[in-house]
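Undergrad: what would the 3D arrangement of this be:
(chains A and B)
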Amino acid sequence: MPGKLKVKIVAGRHLPVMDRASDLTDAFVEVKFGNTTFKTDVYLKSLNPQWNSEWFKFEVDDEDLQDEPLQITVLDHDTYSANDAIGKVYIDIDPLLYSEAATVISGWFPIYDTIHGIRGEINVIVKVDLFNDLNRFRQSSCGVKFFCTTSIPKCYRAVIIHGFVEELVVNEDPEYQWIDRIRTPRASNEARQRLISLMSGELQRKIGLKVLEMRGNAVVGYLQCFDLEGESGLVVRAIGTACTLDKLSSPAAFLPACNSPSKEMKEIPFNEDPNPNTHSSGPSTPLKNQTYSFSPSKSYSRQSSSSDTDLSLTPKTGMGSGSAGKEGGPFKALLRQQTQSALEQREFPFFTLTVFPPGFLVHVGGVVSARSVKLLDRIHNPDEPETRDAWWAEIRQEIKSHAKALGCHAVVGYSESTSICEEVCILSASGTAAVLNPRFLQDGTVEGCLEQRLEENLPVGCGFCHIPYDELNMPFPAHLTYCYNCRKQKVPDVLFTTIDLPTDAMVIGKGCLIQARLCRLKKKAQAEANATAISNLLPFMEYEVHTQLMNKLKLKGMNALFGLRIQITVGENMLMGLASATGVYLAALPAPGGIQIAGKTPNDGSYEQHISHMQKKINDTIAKNRELYEINPPEISEEVIGSPIPEPRQRSRLLRSQSESSDEVTELDLSHGKKDAFVLEIDDTDALEDVHSLLTDVPPPPGFYSCNTEIMPGINNWTSEIQMFTSVRVIRLSSLNLTNQALNKNFNDLCENLLKSLYFKLRSMIPCCLCHVNFTVSLPEDELIQVTVTAVAITFDKNQALQTTKAHIEKSLQRASADTEELLQFPLELCSDSLPSHPFPPAKEHLESASSNSGIPAAQRATSVDYSSFADRCSSWIELIKLKAQTIRRGSIKTTVTVEKANPMGEGNFRNRSAPPCASSTVGVVKMTPLSFIPGAKITKYLGIINMFFIRETTSLREEGGVSGFLHAFIAEVFAMVRAHVAALGGNAVVSYIMKQCVFMENPNKNQAQCLINVSGDAVVFVRESDLEVASVQQPTANCQPLCAGGEVTT
Amino acid sequence: MTSELDIFVGNTTLIDEDVYRLWLDGYSVSDAVALRVRSGILEQTGATAAVLQSDTMDHYRTFHMLERLLHAPPKLLHQLIFQIPPSRQALLIERYYAFDEAFVREVLGKKLSKGTKKDLDDISTKTGITLKSCRRQFDNFKRVFKVVEEMRGSLVDNIQQHFLLSDRLSRDYAAIVFFANNRFETGKKKLQYLSFGDFAFCAELMIQNWTLGAVGEAPTDPDSQVDDMDVDLDKEFLQDLKELKVLVADKDLLDLHKSLVCTTLRGKLSIFSEMEANFKNLSRGLVNVAAKLTHSKDVRDLFVDLVEKFVEPCRSDHWPLNDVRLFLNQYSASVHSLDGFRHQALWDRYMGTLRGCLLRLYHD
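TA: Next up is the predicted model:
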């Protein structure tokens, strides 16, 4: 009996009229926890009852405290008939269970009914007295802190980052139980809400236990999801990163104290590129799939190398990748061994974090992802969710081996998702392969000076770009150059990642949101046939999505993507792919080449004219984008950068069809200046469409920027005005024109129009940036496409942005010149791989990959490629998305000139903007943001996780304003309930807010609709920095610069 | 491709003032979009008509949801569903309760009942204000009326407290409530030249002096206002006004009054002779108005009578406003020198207010 829960019901207000005769209500309250229920007195004839009840006390196990929600029901007393329920409030008391979080929950909660929505408010006070439990075999994990934030929370220091924790629980969905036929929709909805609340409590407790086992005290980047599998049940699963966190007294103490530089070990960081394991990837997981699994990863398995088999067959041994034999090479760096040994203790060296402590991330390999198509069947025994566990285990193994193929021992920015349609389910996982610094991964043992030195030596701002894999034995075709920043290490020409831009990364210009959108029709089919059809389509979709991303990236004149998130959604008769990422120009990477168009019929004059017209348009767009995003890469002379990579220049092509291309035209295109461009062949209408769609993406209006990462590269002086919003759109496709092209166009228009609407709506905030733009696509019905966007608009001070950038670039300039002096000191050890490589077992695959590597003129290859080989090709790239382009060299950091030019512009124009109109707003304002920080403010306390699930249903859809009115009201209510809970915890903001699910179903004929929403985030207390700097005598400019944002970006 | 559902929900509820105005003015979504297009917003922002349509729909939906709360403004402040900064809340309320001059002139003094509501169609046609807007304004009047009708205490304060309106708007509403309660006739043709402001000015003076609330002495002492009723005229006072009749009924008194006024004003008025000739008529008119106020029918015709009996005769003789002022001042003051007249206080209470009203009503 280790806990006592105390609840007091104070009062109600704005209650609905329940008695038509008197226009009043006789309200009372039931307070339920577990199986115990208390009641207040009936407060007669009032819409604003004052119950002022005694303290209701529940004596409970802490296990129950973690699992169960406190359930408060407001009812209308009726002498003659059954009491009418007014509504309920579920309160998650978890935040009261950690010592540092909230101590009391007290405030006004909206009374929620799943049929009527919010009906008044109730004032409740909740407290918990916890007794210490010394039982080692306890089932509870009270005290483990949970954070949705995917970085180390602002007022904590990471002592150790333990690694991946995951858990899932399954149950029958009450909506599909036999009893649902006889109970009311309200009862059914409430049963569902309660069950999910219970399940997430249980899940959190179980994850907490795992964290305690790992000797951690917190979970960061906690992501919990629901899979509504319909008939086959309800799955609640969660992943996170276990950490040991220390509360910080002052944020300045964040950096480790021991930073002694030491010259003699200098070479270490540069030694690590060789990796014997480069070609291994994709374990043979599909082989052990049960009958009903249709994994697209089958295609990857061709690449699996012998070294990987043990790992995939024994997933639970913890031996994992890179065991001693494989790393026996003499070139192995100490660092790598240490890191790997640290990571090998883990089954899955995954991290859900996207932002890392300084020095944590050493190298980034690229995006790794895996998908698998499964057929759902009823979960027979909820206590043993083995099937689902096994499915995820497979996918994770695959991810792990992909990472290994990239010479990486860890995956960061890791996330998992599902898409379900009827009984088919696509499981997806993705992350970024990376090499990590072991310092944060282990207990003090490794905490020598080595890592510190290492950190010192790593070139600031470009280290993470350096390739972790073996240059001579690359896992995919890529074009390498020396790093444009330090010029010591090799970097790829393009870098795709799922993480946020590292804070020390050197970026030129600003970033922008880049999206690839794709639809593919699919025949309606049942069960296995359906799953097969989907599996067959998936590789094509992946390929096309990556092609689009690459094209758009080049069109923007950028060379790296961050925060990449590819969502594949399955519907009855189509598949949708939506990839979002933030494009940036990394100073360390080479400048991207242009895009060239090649036609197939050169003798047709008008056609050629058309082609050249298109080419001009594309070139213009690139030039315009460079200007728009202020991409002015410094010019570097050839001598400074050293000799070019001694590789034959190669040209990557997008091969679009089997039709013949003309040699002459291609040759002509090749001689286009010194730029070796990315060639786009438009020899069929399909490709023409693509080029068109490339050009139809309109840039945001002046004053607007957008990104899907936490912070916008190139902007770092946020002012304090923020506006979080959710926008939902559903379109109905006319069934007549359902071709792939029409579908693509519709989908593209849908997304573009949605963005345009957002820009228009938020125009009063200019200059501002849409951050963390999160698109979700779902296909609720045959001809319906639903897109949900959540993002935050943040204002910034244009003037200051430029100043900071300038300082930043100057700093990097110094750094770069200093580094070149030491250029000769490092031993260039380009070692060869000793392992026998048979990376592409199937002949066709081999041929194709080989040809793409060997620089055979693309036009010739085009003839030999048949459509099916695209799938192989793209799958052989393991989603590394390392399409390539030739580049020209630019260098020498001279941007300062342009920066200075721009500086005086707009002086004073934006000064007035720094004072937000609502800054003086009264108590009770709760900010919500999907970001982990609040601009211009300092988070002083984390109060606990908010994880809420709501169902809303109506049988009077028309009366509630149709589907739009219904959903609008519901989302507003969800926001209100989140805010109320945060306020009751004593907080004034939710950070890392995310709407994980918004499932909307309608039946207009029956005048009915239902919607399920799941949201989560971290409740926090923040203090405005202007309030902190009480009597500071600083000049006003220093005051309006947000400290935390500034510090974060510039360091 | 048709848009089935299209919504935008901000953590802070976005309010577009221009769209709010269009909504308040009762334009349909399509009309509002057309008007916005005409305002040149597309050129300014580079948006498309579809974006504008979606935006307008969205705002309209928000306003529709807010409307329920606007009916009881304190609810808007305490509700949790829409997070709106206080300044915006004030703006929403103020604009919602604002009304059109043309509309208020049509319904001022009318009974705020269903019958009048039916006339809104005609009013809409006549004034060019959309029927929707007319309904909103009418419902606002009625709602405020219902809430404060039976309430004790200062009318303006009550309105301000229950509807959170600005001081200016609260005073206007007080006038509307006062007029509706006393059913003053304002629609007659000869009253058409008067603005709402004229009537509101008079209403304020009457509330201050002629109602039950006016008897309560010290406004600082809340207890004294227990019986304060600002909405109804002081019945006792109206009864007493009959006593003033002596001023015109008693011929000596009337003559004495006239001579007192004429002696003082001689040489000071440009229209002295007209005044002298008309004195008895004017005085009879003013005193008879007072004497008639016992009948509620005559109370309704107060403004008609004032215009007929005083404003029109003076206007036909082209009295300058300043002369009217001098005359009225002297006319009221001279009564104090009439030894046979015992109702000095009553006279002051009546004439003080009436003088203010008449001066306001006296214009073209």
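Undergrad: what residue in the stretch 401-550 of chain A comes nearest to chain B?
TA: Closest residue of the stretch 401-550 of chain A to chain B, Cβ to the nearest Cβ: residue A:519 (12.2 Å). The way it works is simple: take the backbone N, C-alpha and C, and place the C-beta from them, glycine included.
Undergrad: same question for the stretch 51-200 of chain A.
TA: Scanning the stretch 51-200 of chain A for the residue nearest chain B gives residue A:110, at 5.4 Å (criterion: Cβ to the nearest Cβ).
Undergrad: how about that residue, what does it touch?
TA: A:89, A:118, A:120-121, A:973, A:976-977, A:980, B:80-81 (Cβ atoms under 8 Å, 6 or more residues apart in numbering or on different chains).
Undergrad: are any of those residues buried, and if so which?
TA: Burial by neighbour count, judged by 16 or more other Cβ atoms under 10 Å in any protein chain shown, picks out A:89, A:118, A:120-121, A:973, A:976-977, A:980, B:80-81 from those.
Undergrad: including secondary structure, could these go into JSON lines?
TA: Listed next are those as JSON lines, based on DSSP: H, G, I helix; E, B strand; the rest coil:
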{"residue": "A:89", "secondary structure": "strand"}
{"residue": "A:118", "secondary structure": "strand"}
{"residue": "A:120", "secondary structure": "strand"}
{"residue": "A:121", "secondary structure": "strand"}
{"residue": "A:973", "secondary structure": "helix"}
{"residue": "A:976", "secondary structure": "helix"}
{"residue": "A:977", "secondary structure": "helix"}
{"residue": "A:980", "secondary structure": "helix"}
{"residue": "B:80", "secondary structure": "coil"}
{"residue": "B:81", "secondary structure": "coil"}
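Undergrad: residue of the stretch 151-300 of chain B nearest chain A, please.
TA: Proximity of the stretch 151-300 of chain B to chain A (Cβ to the nearest Cβ) peaks at residue B:164, 14.0 Å away.
Undergrad: pLDDT score assigned to that residue?
TA: You'll see residue B:164 listed with a pLDDT of 93.
Undergrad: leaving out chain neighbours, which residue sits closest to it?
TA: residue B:73 (4.3 Å; Cβ to Cβ, 6 or more residues apart in numbering or on different chains).
Undergrad: got it, and residue A:989?
TA: Nearest residue to residue A:989, sequence neighbours excluded (Cβ to Cβ, 6+ apart): residue A:927, at 4.1 Å.
Undergrad: ok, now residue B:302?
TA: residue B:184 (5.9 Å).
Undergrad: likewise for residue A:563?
TA: Per Cβ to Cβ, 6+ apart, closest to residue A:563 is residue A:709, 4.1 Å.
Undergrad: how near is residue B:78 to residue A:13?
TA: Separation of residue B:78 from residue A:13 (Cβ to Cβ, to the nearest Å) stands at 7 Å.
Undergrad: compare those two (neighbour count), which wins?
TA: Neighbour comparison, residue B:78 and residue A:13: the larger count goes to residue A:13, with 18 against 13 (by other Cβ atoms under 10 Å in any protein chain shown).
Undergrad: does the more buried one really touch residue B:77, like I thought?
TA: No. Look at residue A:13 against residue B:77 with Cβ atoms under 8 Å: they stay out of range, at 11.9 Å.
Undergrad: where do the contact lists of these two overlap?
TA: Joint contacts of residue A:13 and residue B:77 (Cβ under 8 Å, 6+ apart) do not exist.
Undergrad: how about the residues of chain B that lie near chain A?
TA: With Cβ under 8 Å from any Cβ of the partner chain as the criterion, chain B meets chain A at residues B:1-14, B:45-48, B:50-52, B:54-55, B:57-58, B:61-62, B:64-65, B:75, B:78-83, B:85-88.
Undergrad: in a strand, that's where the residue nearest to residue A:563 is, yeah?
TA: No. According to three-state DSSP, residue A:709 belongs to no strand; its state is coil.
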